[in-house]
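Participant: model the structure of this input:
(2 chains)
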2 protein chains.
Amino acid sequence: MSFSIGHILTDHLVVFTPSGRRGRFAKGTNVLEAARELGVYVESVCGGRGICGRCQVEVQTGHFSKHGIESKAENISEFGAKEKRYAEKRDLKEGRRLSCSSTIEGDLVVDIPLDVQVNAQVVRKAADNKIFDRKPAVQLCYVEVEEPDMHKPLGDLDRLKVSLEKDWQYESIEVAHHILPHVQKTLRQGNWTATAAIHKDAETSAPTLIALWPELKNEAYGIACDIGSTTIALHLVSLLSGAVIASAGASNPQIRFGEDLMSRVSYVMMNPEGRGAMTDAVRKTLNELIGEVCDTASIHREDILDMVFVGNPVMHHLFLGIDPTELGGAPFALAVSGAVHTSAKELDLEANEGARVYMIPCIAGHVGADAAAATLAEGPHRSDDIMLMVDVGTNAEIVLGNKEQTVAASSPTGPAFEGAEISGGQRAAPGAIERVRIDPATLEPKFRVIGSELWSDEEGFTKSVEKTGITGICGSGIIEVVAEMFLAGIISEDGVVDGSLAGRSSRVQENGRTFSYMLHDGAQKIIISQNDVRAIQLAKAALYAGIKLLMDKQNITQVNQIRFAGAFGSFIDPKYAMVLGLIPDCEIENVKAVGNAAGTGARMALVNRDYRREIEKTVREIEKVETALEPKFQEHFINAMALPNKVDRFEKLGKVVNLPERKKGADDNNEQTRPRRSGGRRRRA
Amino acid sequence: MSFSIGHILTDHLVVFTPSGRRGRFAKGTNVLEAARELGVYVESVCGGRGICGRCQVEVQTGHFSKHGIESKAENISEFGAKEKRYAEKRDLKEGRRLSCSSTIEGDLVVDIPLDVQVNAQVVRKAADNKIFDRKPAVQLCYVEVEEPDMHKPLGDLDRLKVSLEKDWQYESIEVAHHILPHVQKTLRQGNWTATAAIHKDAETSAPTLIALWPELKNEAYGIACDIGSTTIALHLVSLLSGAVIASAGASNPQIRFGEDLMSRVSYVMMNPEGRGAMTDAVRKTLNELIGEVCDTASIHREDILDMVFVGNPVMHHLFLGIDPTELGGAPFALAVSGAVHTSAKELDLEANEGARVYMIPCIAGHVGADAAAATLAEGPHRSDDIMLMVDVGTNAEIVLGNKEQTVAASSPTGPAFEGAEISGGQRAAPGAIERVRIDPATLEPKFRVIGSELWSDEEGFTKSVEKTGITGICGSGIIEVVAEMFLAGIISEDGVVDGSLAGRSSRVQENGRTFSYMLHDGAQKIIISQNDVRAIQLAKAALYAGIKLLMDKQNITQVNQIRFAGAFGSFIDPKYAMVLGLIPDCEIENVKAVGNAAGTGARMALVNRDYRREIEKTVREIEKVETALEPKFQEHFINAMALPNKVDRFEKLGKVVNLPERKKGADDNNEQTRPRRSGGRRRRA
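Facilitator: Next comes the predicted model:
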């Protein structure tokens, strides 16, 4: 477009909020077209016929000094016949206009309201409802189709395609086979009006007609799902508003075949029917969860047209029906690393017969589609600052970078962080100790237990844990108790429990050649042994060494932002993670738990196909570091055995926490501290 | 490409036969690449590695004055290592070279032999083996795939795609879902070599990986099939050589639901399960026929990768699982008229899991994919001369045109040509009279019967028909007897049996108010009544009127070429068809029966996807004429009631046949001659 000065003076300035995109348009320009020209996404199912009501906007009136606009109600055209008809039939809220049916008559500030929801039963879940630009891979297209004519013997489907090409600019439309038998009935039922669902994903893929309804169809849904090895989290999302309509979660039923990933891979290797049984199990649970969210939202499964799934490589392969055996040993070859485009039908998922499925790419054999989705959500690759993203599990997935370059690795942390291999360790469940504080003077602890809001030294605590008991210590509790033991001087920088304190406190107890700390003395004694401390040291050293390798790759010594993804990350106190030296030194306020970032990434890819291209490109560009092959891993690992680290200073942490003074010359380079190597590497569970 | 004079002088002239394509190439140019540059199709599965042997050529030596070339054996490079290895392992015939492994060293005439068949068990069917340029929609691509590498965590499938992109120039390859679970095993089994089948049809469609085998796979097959309402004809074709490997046929099992098309449509309308039952029946028979051709050729179903089906609109719809009810009444709306791209799996056809299916477009509600396929085979749209193509049946399909313009119509001829509505009429089966001659002097007939080689006046005839008897008269017999009655003066130009002849011959007999001709007096009396003659007049007048409408559209009064397609056409003697005035006057040698042209068209579309584009474009451009809506139909019909025609001269026919002198003023425009109109129109059976 080229403007002369004359144009600029006579055209009207229009600003769309909340995006803030602005442009000058001639008087009489259609508001919807103006929005589209500026790249502002406004939904429209009916193609500007004023019947779907999806394109509603709200004119903001007043003087907007930041935009330099005097926006007046009279600067948009008056209510036309189409809007009047819509308002009468469907109740158009005060102040709302159909952008397809109104024109620019002066300077305007036009808001695209986020609650444009025609379907009254749609309920927004308040929590975690990030708003993303929408550009779904499946679009609803209302069309009016020419009636059959003996003089023009084009078939019904062919005339439908002509309308889709003319009104919606889709060319060379392919047709899903199951549509063929229903075309004639549907078009006649709708009296030659229909709504087509067109799937168009990658630029190189042809638009495909995947569903067809008579008349106007004004709602379409999608599923975004993170298949975790422990938990499956699934969301029902409106493809038209982008809102999460309902969510559901369940344990991964594959747990009965093996708790962690490696045991599931082993199960497949040992049992000829194992792969099929685990594939069927997860798909069955997914179908149940889809049923659950549909019930909650009172919608039909048949209105689900698109789905995005993420998961770690083993979950990804089992879901797709691929034998994960190759992922169980070097070189950890993925069957497929790139994005997978398939259909619900191929995966036995019950939804609309034409529903499509997209899987975000995997980054590497240990860094799955879940890590890629978390990357998409948190955006290290979009960040100016260096961002570290960590998903802690049996196998930690680590992504580090900024918009210049992003690198990724996995590190074999083992299951210590999840309470396994710890004497009093247990899963995060009621009765588990999750928070710990130790008084440096008395060495007396206080703690909190899952299921109670009280600290153990508060009144009523004993009663509050009567039901659950105090059964063990979970991941976040272990992190805190070891960190607090260090801060209280019970363990040294090298992680050795100081036996000399046994005299000062009965909680420090001798166990043969080493000492331990008694956290709780009750029906269930909970003791932190020297071995427990060692297990945590090994785990955190592996994670930190992996992070350090990535920092080496990036040639940096500091990170600006840290994100903890995943369930475990949500419960870790960033301060204690840093005291332990699990993560590098960082301003404490820049360390954030981001919850199920993988699920958020799946939702983004569901509502906007540009995010699919973004993460595909990012994954192709991410440099993958195989920690097991890096010569410096060993050195970083040994340094990271110390608390918080033998060589790295934690100065930013030091400003908020009183770190014990460093010892000189201490070295803990003994047999026990060797990192686990690839042969026996553990996988994230 | 731009050549300087210097290039032309130094480069070598190469002519490829049989295509005759020629070009100049620098010394050392690869022969396969030279062929491709000229658009000469040479198969290669292994991508120039010298292992598949598909790219064999034969250098023709000597002086070729028509090409202006002295082609010498030394003008091609000497046997290289790859060719030697191939010749040792696989037996390369004397004189044969692998074009992928040899280079141009001087002027050459290079023949692409038609028998390049590596697979010894392949047997060519001699009959009807037209040779078409090959460019199948499914291509076999041998690749060597990089082994997995921990430093480059691309998945196995992704590395396979990289090889396909690099070696075969396929970009943005999509992957059929069923491939995913097998990729890893297949690549390892082939020691990182594999053969991929890539489906690429329309320009706008993405290339799709549909099958994968370990190592080199050197044969792939397709199915070409014409689903007639009476007979199904199916061919197994090598996608690599284009040769028909085996053929099979069967009755259409839908006959048990109704003999002709309208009765099948009625069956669907009356029986809720009717559509499904007929769809299942035809697919089951197709699966049996596929089994039969695979057995004959000793190949596996799994090696069938592509299929092309044609059929009239009702067969087309029932095969696809579409209710044909709309085709039973005006406006005769097709559910889909354009080409259909689907998969064998969607149609329950047993072949390779990834096998694709293509259906040629339908021209109109009464002019099906079979007529389009016949058009593709006979090529009126490629012809300089005006060509008329007629497929006679209960509903005749008519295509008329040349490369300037092509028009098409159907005409409701009714079932008279097939022996129905004729007193002694029957299907073409042993015992049926198929040929008739009448002596104009004695009015005595002689005839031939299906199942005997003898004429009825030859010695041994009676014995030769003892088994079958003489049971009736079939379509071609009816055409001949009515034409001979006309030539012998038994019926007038108006079709009236001349009662005055009853005195001259006892074969002319009175039947109430009209007269008849006794063709055979035996156990089964076969009489041609006045009503029989009328039925034939009505049928031929309908066909001729349709042809005339198309001639009007084209603004012509003469056609240069006539093609009779279909089984019925194969048995009609063109001379008698013309005497009856079934078809317009034409040089008798330019009237040809072309047999199952629809099947030939299906084979063309199978072996070369450019033919798919050609027929899609042709069908879009064909002007369709709805005979029932044309005001001049009635006039043409009435003129065509006369023998051969009331107004049209048959001068070319007059040169080979003694036509009776024309009467003046005769007119037969009575009640009985009204053409059938659309309401009660009959469909081709």
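
Participant: just the CA coordinates for stretch A:573-588, please, in PDB.
Facilitator: The C-alpha coordinates for stretch A:573-588 follow below in PDB (Å, rounded to 0.1, in the frame of the first residue of the first chain):
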ATOM      1  CA  ASP A 573      10.800 -23.000  47.000                       C
ATOM      2  CA  PRO A 574      13.300 -21.300  44.600                       C
ATOM      3  CA  LYS A 575      15.400 -20.100  47.500                       C
ATOM      4  CA  TYR A 576      16.000 -23.600  48.800                       C
ATOM      5  CA  ALA A 577      16.700 -24.900  45.300                       C
ATOM      6  CA  MET A 578      19.300 -22.300  45.000                       C
ATOM      7  CA  VAL A 579      20.800 -23.000  48.500                       C
ATOM      8  CA  LEU A 580      21.200 -26.600  47.400                       C
ATOM      9  CA  GLY A 581      22.800 -25.500  44.100                       C
ATOM     10  CA  LEU A 582      20.100 -27.100  42.100                       C
ATOM     11  CA  ILE A 583      20.000 -24.100  39.800                       C
ATOM     12  CA  PRO A 584      22.500 -21.300  39.200                       C
ATOM     13  CA  ASP A 585      22.600 -18.100  41.200                       C
ATOM     14  CA  CYS A 586      19.900 -15.700  40.100                       C
ATOM     15  CA  GLU A 587      17.800 -12.800  41.400                       C
ATOM     16  CA  ILE A 588      15.300 -14.700  43.600                       C
END
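
Participant: buried sites along it?
Facilitator: Across stretch A:573-588, burial judged by 16 or more other CB atoms under 10 Å in any protein chain shown covers A:573-574, A:576-586, A:588. Where C-beta positions appear, they are placed from N, C-alpha and C, glycine not excepted.

Participant: same question, stretch A:564-573
Facilitator: By neighbour count on 16+ other CB under 10 Å, the buried set for stretch A:564-573 is A:564, A:565, A:566, A:567, A:568, A:569, A:571, A:572, A:573.

Participant: with distance to residue A:361 added, can I get those residues in CSV?
Facilitator: Shown next, in CSV, are those (distance: CB to CB, whole Å):
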residue, distance to residue A:361
A:564, 23
A:565, 17
A:566, 19
A:567, 23
A:568, 24
A:569, 22
A:571, 29
A:572, 28
A:573, 33
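
Participant: mind checking which of the buried residues of stretch A:573-588 are in helices?
Facilitator: Judged by DSSP state H, these include A:574, A:576, A:577, A:578, A:579, A:580 as members of helices.

Participant: the residues you listed: which ones sit near chain B?
Facilitator: With CB under 8 Å from any CB of the partner chain as the criterion, the subset of these in contact with chain B is empty.

Participant: can I get the residues you listed in a markdown table including pLDDT?
Facilitator: Formatted as a markdown table, those follow (pLDDT from 0 to 100):
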| residue | pLDDT |
| --- | --- |
| A:574 | 89 |
| A:576 | 94 |
| A:577 | 93 |
| A:578 | 95 |
| A:579 | 96 |
| A:580 | 95 |
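
Participant: nearest to residue B:212, of those residues?
Facilitator: Among those, residue A:577 lies closest to residue B:212 (CB to CB), at 46.1 Å.
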